[in-house]
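J.: Okay, sequence plus prediction incoming.
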Amino acid sequence: MQEPKHDKERQYFQIERFTYFSDAVFAISITLLIIEIRIPPLPATPTDKLLWHSLAEMGLRFLGFLISFGIVGHYWSVHHRIFGYVIKNSTSLIWINLGFLLTVVTLPFTAGLLGEYSSYTNIKIPYAIYTFNMCLTGIMNYWVWIYVSNPKRKMLTRQISKARIKLGVYRSLVIPIIFLISLLIFFISPVVAYCSLLLIPIILHWGMGKLEKKAEKDEMIEKKIISKNATIISEQIKSDS
């Protein structure tokens, strides 16, 4: 695919435009999630009891909103981390990122569809569509990370360890995996399937903590090796001269 023809001196500005646009898409999507939750209609003479009953019926809808909000926030955070490393873009990266953003902007619709029929636990299609959307989002985020972290493309500020690449993969794919498991549970118990999604932050924190430590350890060792080799080369040059 043809690469952008702008000057290299403008590369940093192009990356800024790239990230600002992505941030705007995330901001709009995360805002639209709450718009799908509407104030429940009440009769002409409302009471606290009627209002509380209507709000209680919206419990699963609120839970779905909180889960969606947390996941969109997570992927924005991951996107922010990824482009904290990136120093140049490409046409391929622009289109891959647009594909990722496409899955993000569809989340308010699929979350709204799920919320609309959340009280009808006999209907499976809304949850299946929502799960499919979440899986696509995770896969596209994974694609963005794998593309930019490939050392052959030299798109990052520095060379990162294999453990840090695995960390990025974990951040991207753990949510789709949990959603697929929850979809299977949904056919048995919808309420348990919803609640199983609450494990996402726990599993993310547990796995990322271990991989982060491994990445830092590997990169520290690599720095020491590079520093040692540089010292040896410097000494050889001095002795030869």
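T.: Arrived safely, thanks for sending. Every value quoted in this text rests on a predicted model; they were computed, and no experiment measured them.
J.: Excluding sequence neighbours, find me the nearest residue to the most centrally placed residue in the chain.
T.: Taking Cα atoms, centre = their mean, the centroid of the chain lies closest to Y75, which sits 2.1 Å from it. Residue nearest to Y75 in three dimensions, not counting chain neighbours: N141, with 5.7 Å by Cβ to Cβ, 6 or more residues apart in numbering. No exception for glycine: its C-beta is placed from N, CA and C like everyone else's.
J.: And the contacts of stretch 136-145?
T.: 71, 75, 78-79, 82, 93, 96-97, 99-100, 102-104, 107, 165, 168-169, 171-173, 175-176 (Cβ atoms under 8 Å, 6 or more residues apart in numbering).
J.: Which residues are in contact with Y127?
T.: 114, 183, 186, 190, 193.
J.: circling back: what helix or strand is the residue nearest to the centre of the chain located in?
T.: Here Y75 sits within helix 59-85, counting by DSSP states H and E.
J.: elements contacting the next helix or strand after that helix?
T.: Going down the chain from helix 59-85, the next helix or strand is helix 91-105, by DSSP H and E. Other elements packing on helix 91-105 under the criterion 3 or more Cβ pairs under 8 Å, 6 or more residues apart in numbering; DSSP states H and E are helix 11-35, helix 59-85, helix 125-149.
J.: Give me the buried positions along helix 91-105.
T.: Going by neighbour count (16 or more other Cβ atoms under 10 Å), the buried part of helix 91-105 is 93, 96-97, 100-101, 103-104.
J.: Using CSV, please lay out those together with distance to W52 and pLDDT.
T.: Conversion of the buried residues of helix 91-105 to CSV gives the following (distance: Cβ to Cβ, whole Å; pLDDT from 0 to 100):
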residue, distance to W52, pLDDT
L93, 50, 89
I96, 47, 93
N97, 44, 93
F100, 40, 95
L101, 39, 94
T103, 36, 95
V104, 34, 94
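J.: didn't the residue nearest to the centre of the chain look like it was pressed against L107?
T.: No. Contact criterion Cβ atoms under 8 Å: Y75 and L107 do not qualify, at 9.3 Å.
J.: Would you confirm that C135 contacts I178?
T.: No. Using Cβ under 8 Å, C135 is not in contact with I178; the gap is 10.2 Å.
J.: chain center to the helix holding Y75: distance?
T.: Relative to the centre of its chain, helix 59-85 is centred 7 Å away, using Cα atoms, centre = their mean, to the nearest Å.
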